[in-house]
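> Sequence and computational prediction follow.
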Amino acid sequence: MIEVNAIYVLVAREFKKFIREKSRLISTIARPLIWLFLVGGGMSRLVSPGMGLMGGVTYIQFIFPGILGMTILFSAIFSSISIIWDKEFGLMKEILVAPVSRFSIVLGKALSGTIVSVIQAVIILCLFPLLGLKLGVLAIIETIIICTLLSFCIASLGIVIATFYESFESFSVIMNFIVMPMFFLSGAMYPVKMLPDILKVLTRLNPFTYGIDALKHAIFRDGGVFDFSIVTDIGVLLVTSIVFVLIAGTMFERKK
Amino acid sequence: MGAKYSYLPPFLLNSYMSIIKVENLVKKFGNLTAVNDISFEVEEGTIFGFLGPNGAGKTTTINILCTLLAPTSGRASIFGFDCTKQSSEVRKAIGIVFQDMTLDKDLTAYENLVFHAYLYDVKKSEREPRIKDALNFVDLYDRRNDLVKKFSGGMKRRLEVARGLIHRPKVLFLDEPTLGLDPQTRANLWDFIVDLPRKHKVTIFMTTHYMEEAEVCSKIAIIDNGKIIIVGTPDELKKTIGGDVIYIKTSDNKRAKLEIEKLFQVNVFEQDSELFLTSLKGDACIPEIIRALGDSVLSVRLQRPTLNDVFLKMTGKEIRVEEVSSGDTIKEEVRSYRRKFDRG
């Protein structure tokens, strides 16, 4: 059962708070900027475009899809694990005693995370001319669609994670053992092909990898090096999203 | 009481009289039994008080009634709906003010209520007027566009009560509604709570560990260590103490003692050159005593039993501040149990 009103108001609440908290917006945009220009700028001196692994693009261009993904990864996970915050500081109780199905709550929270992540990703996407990239209208639309899919997938994963934790103390555990490995084992910062075999296996198990690969397809079109086909990428994102939503809904339904 | 509603058909009789029914409810967290086989009923339109120290099992019972926890055994129903199996119907029928604040501090008072109205699927045409009414009712209409984080403790609590009423629940749960509020705010909040059943046609189920606050209840259940010790009206509970105590000082205590014993056929005791006796109607006895003893009376005072005395008699202990720590241990225990449960 899906309650449209409840989903709407959960998303509206998140959106309103997002608009209000300017500092949150600034800090979430600052991180990708730092990575893109400081890390990317420095690394591009070490990595020459001619190496072939990156399909002839410069390093800073190569990591652009990865940085878009990073924006989404951080903001979607943060938005979802705010559930832990809500559990500790109350509002979650108000939501849980309402006559709303647990799946609507999960969908509402996942869509909340999606909308704020996509807004931030779009802001970062606007930087493409500075990096010497040329994106057509179609490429931009495709990129935004993939950002939306990836955001939803990561936000639902975040909810699954949040259902495992009761207090906010677990925050650094989540950051260090889930978010950072997901980011580095995704091909965001370096081509998956040059990783050792054991790490290659791990990247294949990481849904975030497929999101980054899909973003590369949309941004580099025919001029990039990809790990999977776009169909595989989107398929994996869709299937994992559904699985995460189902797991999260079931976990929420369980009464202690 | 059965006779009072005898004109109603049997199926209505049941639902009309008891809006909350709890039968042999048990809740265990690991080795800890938070609620130990309790049963009670709450009549529609009344204020029912759950009285006991922190950690007695009050909040656990509320959480089961609110469908947040599943009982280990036994059953609870509200308005005829089972709290475990028909949680959706139960949720529509209840409003809750939790012990901890559950407002969104970063939204305005108005936005918090809108959020609630959407969650409870209040009809579009009804949303505005109901929110306005609720805000007026708790005197917060002028502050509707202020962020909740700017509100005082009392204002937040009032806003939560207003929110709990937006969807017109049949039962409103108030879990320690005055906890952490200053005495004046507490008094104001009570004035306002006692009006709720009449003004909003709602049954109130509240918990408190302030004995004096339980006086406003139509019925009280005293709970300790997960068990209900006694249920009754405040007066009934106080009568278990044996009534009021009258203290008399006279110029001739010996003569007075004999006079009073002859007059009421009760034992009169003497302590610290003061006579005292217990009586069910202490206030009515005083004029008779004065008439009988005449000018020899130096002073008379009447002490009414408090719910604190009742609690003391029933449990052999007073509700003390130290009890708070035992409540915290239980909370900690429940938390660690949940953590285990979550991971396993």
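Structure received. Predicted model, so just to flag it, every value in this text is computed and none were measured. Numbers count the residues shown, from 1 in each chain, chains lettered A, B, ... in the order given.
> Can you get me the centre-to-centre distance for the worst-scoring helix or strand of chain A on mean pLDDT and its chain?
Across the helices and strands of chain A, mean confidence by mean pLDDT, DSSP states H and E is lowest for helix A:171-174: a mean of 79. Averaged C-alpha coordinates place helix A:171-174 at 17 Å from its chain's average position (Cα atoms, centre = their mean, to the nearest Å).
> Check whether that helix comes into contact with chain B.
No: contact of helix A:171-174 with chain B (Cβ under 8 Å from any Cβ of the partner chain) is absent, the minimum separation being 12.3 Å. Any C-beta I mention is one placed from the backbone N, CA and C, and that applies to glycine too.
> With just CA atoms, put that helix into CSV.
What follows is the C-alpha trace of helix A:171-174 in CSV, where atoms were taken according to Å, rounded to 0.1, in the frame of the first residue of the first chain:
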residue,chain,number,x,y,z
PHE,A,171,28.1,7.5,12.1
SER,A,172,31.9,7.3,11.7
VAL,A,173,31.6,3.5,11.4
ILE,A,174,29.3,4.0,8.4
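> any idea which helix or strand comes after it?
Counting by DSSP states H and E, the next helix or strand C-terminal to helix A:171-174 is helix A:180-184.
> in that following helix, what's buried?
Taking 16 or more other Cβ atoms under 10 Å in any protein chain shown as the basis for neighbour counts, the residues of helix A:180-184 that come out buried are A:Met182, A:Phe183, A:Phe184.
> repeat for stretch A:185-194
A:Leu185, A:Ser186, A:Gly187, A:Ala188, A:Met189, A:Tyr190, A:Pro191, A:Val192.
> what do you get for stretch A:198-209?
Of all the residues in stretch A:198-209, those buried under the rule 16+ other Cβ under 10 Å are A:Leu202, A:Thr203, A:Asn206, A:Pro207, A:Phe208, A:Thr209.
> nearest to B:Lys28, of those?
Distance from B:Lys28 was checked for each of the buried residues of stretch A:198-209 by Cβ to Cβ. The minimum falls on A:Pro207, at 38.7 Å.
> how near is that closest one to B:Phe151?
Separation of A:Pro207 from B:Phe151 (Cβ to Cβ, to the nearest Å): 42 Å.
> Any idea how far the helix ranked longest in chain A is from the middle of the chain?
Longest helix in chain A, counting residues (DSSP state H): helix A:137-164. The offset between the C-alpha centroid of helix A:137-164 and the centroid of the whole chain comes to 5 Å, using Cα atoms, centre = their mean.
> Show me the shaky parts of the stretch 201-344 of chain B.
Residue ranges of the stretch 201-344 of chain B with pLDDT under 70: B:316-344.
> where do the strands sit along it?
All strands of the stretch 201-344 of chain B, identified by DSSP state E, counting those that start in this stretch, fall at B:203-208, B:219-224, B:227-232, B:244-250, B:269-271, B:274-279, B:297-303.
> Show me which residues of chain B sit near chain A.
B:66-70, B:84, B:88-89, B:91-92, B:94, B:96, B:98, B:100-104, B:106-107, B:111, B:114-116, B:118-121, B:163, B:335, B:337-339, B:341-343.
> buried subset of those residues?
The neighbour count (16+ other Cβ under 10 Å) marks B:66-69, B:84, B:89, B:91-92, B:94, B:96, B:98, B:101-104, B:106-107, B:111, B:114-116, B:118-121, B:163, B:337 as buried among these.
> quick revisit: export the buried residues of stretch A:185-194 to CSV and append columns for secondary structure and pLDDT.
Supplementary listing: the buried residues of stretch A:185-194 in CSV, determined by DSSP: H, G, I helix; E, B strand; the rest coil; pLDDT from 0 to 100:
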residue, secondary structure, pLDDT
A:Leu185, coil, 93
A:Ser186, coil, 92
A:Gly187, coil, 87
A:Ala188, coil, 90
A:Met189, coil, 88
A:Tyr190, coil, 85
A:Pro191, coil, 86
A:Val192, helix, 85
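> Now render the residues you listed as JSON lines, adding distance to B:Asn54.
Shown next, in JSON lines, are the buried residues of stretch A:185-194 (distance: Cβ to Cβ, whole Å):
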{"residue": "A:Leu185", "distance to B:Asn54": "47"}
{"residue": "A:Ser186", "distance to B:Asn54": "48"}
{"residue": "A:Gly187", "distance to B:Asn54": "54"}
{"residue": "A:Ala188", "distance to B:Asn54": "50"}
{"residue": "A:Met189", "distance to B:Asn54": "52"}
{"residue": "A:Tyr190", "distance to B:Asn54": "56"}
{"residue": "A:Pro191", "distance to B:Asn54": "59"}
{"residue": "A:Val192", "distance to B:Asn54": "56"}
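> Looking at those residues, which is nearest A:Val236?
Ranked by distance to A:Val236 (Cβ to Cβ), these are led by A:Ser186 at 12.3 Å.
> Noted, bye for now.
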